[in-house]
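**Student:** Sequence and predicted model, in that order:
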Amino acid sequence: MSELIRVDRDRLWGDLMRLATIGAYDDVPTGLRGVRRLALTDEDAQARRQVIDWMREAGLLVRIDKIGNVYGRRAGTDDSLPCVLMGSHIDTVTSGGAFDGTLGVLGGIAVVRALNDRGLSTLRPIEVGFFTEEEGVRFGVDMLGSAVTAGRLALEYAHKLTDDDGASVADELVRTGFDGQEAERRPVPFAYIECHIEQGPILAAAGVDIGVVTGVQGISWQRLTLHGAAAHAGTTPIEHRQDAGVAAAAVILELRRMCESGRFGQLRGTVGKLSIEPGSTNVVPSGATMTIDMRNPDDDAMTAAETELAAFVAELPGKYGVTGSLERMAKTFTVRFDAGVQALIAATADDLGLPYVHAMSGAGHDAQEIAAICPTAMIFVAGENGGVSHTPREYSNPTACGNGADLLANSIFRLAQRESL
Ligand code: GLV
Ligand code: MN
Ligand code: MN
């Protein structure tokens with residue numbers, strides 16, 4: 001193969017490690033250094049500025065849109081053509097690692113540097129982007145920036161979302177200086193490829209570094225608010241209680257039972273956030289609030305699971321004297337990626353001599369949103385420790401990261417030379 005491009009792996013690794021120092025914290029449960037860089041916090045803003053510096057050093061022309069998504073552009077020989085886009089996100093969960101999202105962004109910059117170093121121009125412009133609030137941890141809606149770009153969520157709706165302290169997306173964009181002026185993406189990209197760590201065990205089990213991603217399973221996020229009644233812990237007979245804490249525990253166990261029942265396909269349910277009011281040792285809880293995260297590759301099975309859970313919540317008054325109301329936070333349906341882009345990535349992996357498997361994504365990604373506006377697919381990179389992620393134990397080794405970035409580079413280069421897919 002004449003035009004195989006190799007990224008500078010050492011530099012990419014150095015960038016990943018450098019970015020991980022922004023928002024770094026000592027994670028007591030693991031004894032490791034983690035990353036906590038929630039969207040539009042000071043830490044996120046600092047990381048954004050660092051990545052923009054790297055984009056500019058690589059010669060990219062940077063612009064920011066109204067939801068704070070950042071794009072760096074390398075001109076094509078016909079700059080009027082729609083660009084080939086790569087990217088991901090740089091915000092993290094509260095207990096994040098160094099690789100989730102960042103590999104696709106810093107890998108994208110590594111691709112541009114490799115093209116620059118080789119003096120390679122492309123027919124189409126190439127862009128590297130990172131999207132605001134992919135994790136949804138701070139403002140409660142995942143893939144927020146890319147969903148606005150794709151037109152699934154309105155900009156006004158996104159701007160009004162607030163965090164637990166009442167700060168809005170719009171205000172935080174202004175405060176951090178990322179309230180860009182670019183409106184919608186016009187024209188839409190020719191194609192999008194996101195390189196991302198797998199965050200699961202499939203690749204490691206297959207003994208390969210690379211996955212060609214077939215799509216992303218559906219995601220349902222709901223908030224459940226439970227209302228009981230406060231009472232004295234020592235004097236109130238059990239049968240007289242309206243204990244919101246007990247009701248919360250029942251819901252958590254019901255969700256687990258539903259997953260284990262096998263009646264909802266490959267349902268995965270998680271209650272990751274739970275608070276109990278008033279929060280005193282000697283007071284029966286009067287209220288509880290929890291998030292409910294459900295994942296399912298089968299949209300019908302997901303709907304059935306949502307219906308069954310709602311029915312269980314409706315029975316709480318009779319069982320525990322506690323009322324519950326479910327509120328939708330976010331919902332995405334299963335997305336299948338473009339067959340042509342998948343085939344191009346697979347053929348490019350063959351040319352690079354990189355073994356791969358096809359895999360469906362268990363995690364949510366910006367690519368599932370961008371897939372609505374242009375042909376899209378993803379490259380997965382294997383992780384160690386069983387591919388664990390959303391914990392500082394998340395780790396993909398330098399070889400795997402370098403292989404993923406090489407595959408990204410050559411896939412993007414090929415797409416950027418094409419008149420049509
Ligand atoms: C994103 O990381 C998600 O799948 O929640
Ligand atoms: Mn991610
Ligand atoms: Mn994540």
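**Tutor:** Thanks, I have the structure now. Ligands and ions are numbered 1, 2, ... in the order given.

**Student:** and this protein, which of its residues are near ligand 2?
**Tutor:** 100, 101 (CB under 5 Å from the ion). For glycine as for every other residue, the C-beta is placed from the backbone atoms N, C-alpha and C.

**Student:** Now with 6 Å, please.
**Tutor:** The chain comes close to ligand 2 at residues 89, 100, 101, 134, 196, 365, as judged by CB under 6 Å from the ion.

**Student:** does the second one really touch residue 197, like I thought?
**Tutor:** Right, residue 100. Yes. Counting by CB atoms under 8 Å, residue 197 is a contact partner of residue 100 at 6.1 Å.

**Student:** anything in contact with each of the two?
**Tutor:** Contact criterion CB atoms under 8 Å, 6 or more residues apart in numbering; residues bridging residue 100 and residue 197 by contacting each: 389, 394.

**Student:** Can you name the residues that contact residue 24?
**Tutor:** 33, 34, 35, 36.

**Student:** ok, 10 Å please
**Tutor:** Residue 24 makes contact with 33, 34, 35, 36, 37, 43, 96, 98, 392 under the criterion CB atoms under 10 Å, 6 or more residues apart in numbering.

**Student:** Ok, residue 269 next?
**Tutor:** Listed by CB under 10 Å, 6+ apart, the contact partners of residue 269 are 220, 252, 254-260, 292-296, 305, 309.

**Student:** Setting aside sequence neighbours, what's the nearest residue to residue 415?
**Tutor:** Excluding the flanking residues, the one nearest residue 415 by CB to CB, 6 or more residues apart in numbering is residue 84, at 4.6 Å.

**Student:** helix, strand or coil for the nearest residue to residue 335 once chain neighbours are set aside?
**Tutor:** Spatial nearest neighbour of residue 335, excluding adjacent residues (CB to CB, 6+ apart): residue 368 at 4.2 Å. Classification of residue 368 using DSSP: H, G, I helix; E, B strand; the rest coil returns helix.

**Student:** Can you pull the phi and psi angles for residue 66?
**Tutor:** phi -70, psi -10 (degrees, to the nearest 10).

**Student:** Against ligand 2, how distant is the residue of the chain positioned farthest from its centre?
**Tutor:** Taking CA atoms, centre = their mean as the measure, the residue most remote from the mean C-alpha position of the chain is residue 235, 47.3 Å away. Distance of residue 235 to ligand 2, given as CB to the ion, to the nearest Å: 49 Å.

**Student:** That residue falls within a helix, correct?
**Tutor:** No. Checked against three-state DSSP, residue 235 lies outside a helix; its state is coil.

**Student:** so residue 78 makes contact with residue 122?
**Tutor:** Yes. At 9.4 Å, residue 78 and residue 122 qualify as touching, with contact defined as CB atoms under 10 Å.

**Student:** the more surrounded of these two?
**Tutor:** residue 122 (22 against 11; other CB atoms under 10 Å).

**Student:** coming back round to it: please name the residues that touch the residue farthest from the centre of the chain.
**Tutor:** residue 282.

**Student:** Next, give phi and psi for it.
**Tutor:** Here is the backbone geometry of residue 235 (degrees, to the nearest 10): phi -100, psi -20.
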